[in-house]
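Q: Structure here, sequence nowhere to be found:
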């Protein structure tokens, strides 16, 4: 008899074979911790109606998290698509910010991103423009997920054991 696959192996196999996660999602391992850190779930953002449109529309500061499901570079910008099980959103990082964070930003990484939320009239979707934080804090942080989650944001740390 073959040994059972770990959850991460099973999920990776599902995504590779089917193109989607069927029996779970990588974000699930850290979902409780992420709820303490993020300002909203992606599905809640997607369901909002923009109050104003056009270039002068107000931008709202958000902290979101999700699995990087797509990563592409265009000119001096990098676009990430984050998925938190509830929905997806595109995040734009300027080259300088991306370069300062390139060691943590990769496909299948779980990231926490601080940014400005803006409605894109052309695509008729919400987008987040990642921003650098104060001092040494950055606009994105990696979440390390295993059997226990360790999430670091700002100056606080949460672990799955708490």
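A: Sure thing, it's come through. Predicted model only: the values in this text are computed from it and were never measured.

Q: Look up the closest residue to the residue positioned nearest the centre of the chain, ignoring the ones flanking it.
A: The chain has residue 66 as the residue nearest its centroid, 3.0 Å off, counting by CA atoms, centre = their mean. Closest residue to residue 66 apart from its sequence neighbours, by CB to CB, 6 or more residues apart in numbering: residue 82 at 3.1 Å. Every residue, glycine included, has its C-beta placed from N, CA and C.

Q: Please, which helix or strand holds that neighbour?
A: Using DSSP states H and E, residue 82 sits within strand 77-83.

Q: For the helix or strand that comes right after that strand, name the packing helices and strands.
A: Note on strand 77-83: by DSSP H and E, the next helix or strand toward the C-terminus is strand 88-94. Under the contact definition 3 or more CB pairs under 8 Å, 6 or more residues apart in numbering; DSSP states H and E, strand 88-94 sits against helix 42-46, strand 60-74, strand 77-83, strand 125-130.

Q: Distance to residue 92 and mean pLDDT for those - can I get that in a markdown table?
A: Shown next, in a markdown table, are those (distance: least, CB to CB, whole Å; pLDDT from 0 to 100):
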| stretch | distance to residue 92 | mean pLDDT |
| --- | --- | --- |
| helix 42-46 | 15 | 87 |
| strand 60-74 | 9 | 89 |
| strand 77-83 | 5 | 92 |
| strand 125-130 | 5 | 89 |
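
Q: how close does the residue nearest to the centre of the chain sit to residue 94?
A: Distance of residue 66 to residue 94, given as CB to CB, to the nearest Å: 20 Å.
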